[in-house]
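# Dropping the sequence and predicted coords here.
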Amino acid sequence: MSIGAIDTSRIEAMVAQLRSAAAQAAPPGAVKPGGTARAAGAVDFSTALKSSLDQVNRMQQDSQQLAQRFAMGDSSVSLSDAMISLQKSGIALQQTIQVRNKLVQAYQEIMNMGI
């Protein structure tokens with residue numbers, strides 16, 4: 001479903017991805033910094049964001065290592081594997097940048113709201 005220029009299905013897919021990354025990062029029932037236990041299924045935004053950023057960082061590092069191994073002449077790494085890995089990490093980085101831009105834009109809109 002699309003509202004104007006916003007594709008809600010893509011947003012829902014990204015939220016689902018963040019939730020799954022957060023579920024992997026913290027066990028259910030973990031305690032929040034404030035000392036209260038989280039409800040089952042509740043996702044801490046900062047944890048989900050950090051997990052997602054860590055995943056993108058790992059992807060970038062892995063693709064760089066793969067490219068270095070190819071450049072050093074490692075016969076177990078093909079050019080196509082190195083290029084695909086670099087492209088995937090580049091797309092993940094672009095996605096992260098777009099999410100950051102949307103968060104900054106939303107923050108600015110909230111700050112400009114009249115009370």
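It's in.
# in stretch 86-98, what's buried?
Neighbour-count burial for stretch 86-98, with 16 or more other Cβ atoms under 10 Å as criterion, is recorded at 86, 89, 92, 96. (C-beta placed from N, C-alpha, C; glycine too.)
# Same list (the residues you listed) but as JSON lines, adding secondary structure and pLDDT.
Converted to JSON lines, the buried residues of stretch 86-98 look like this (DSSP: H, G, I helix; E, B strand; the rest coil; pLDDT from 0 to 100):
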{"residue": "L86", "secondary structure": "helix", "pLDDT": "94"}
{"residue": "S89", "secondary structure": "helix", "pLDDT": "94"}
{"residue": "A92", "secondary structure": "helix", "pLDDT": "93"}
{"residue": "T96", "secondary structure": "helix", "pLDDT": "92"}
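# Going by distance to V15, which of these wins?
T96 (14.8 Å; Cβ to Cβ).
# rewinding a little: CSV please, covering the buried residues of stretch 86-98 and showing distance to I115.
As requested, those are exported to CSV (distance: Cβ to Cβ, whole Å):
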residue, distance to I115
L86, 48
S89, 43
A92, 38
T96, 32
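# Which two of these have the greatest separation?
Taking every pair in those and measuring Cβ to Cβ, the maximum separation is 15.6 Å, between L86 and T96.
# could you measure S80 against F70, distance?
S80 sits 10 Å away from F70, taking Cβ to Cβ, to the nearest Å as the criterion.
# Between these two, which is the more surrounded one?
Looking at S80 and F70 with other Cβ atoms under 10 Å, you find the greater number of neighbours at F70, namely 20 against 9.
# Go ahead and confirm the more buried one touches A82.
Yes: F70 is within contact range of A82, at 4.3 Å (criterion: Cβ atoms under 8 Å).
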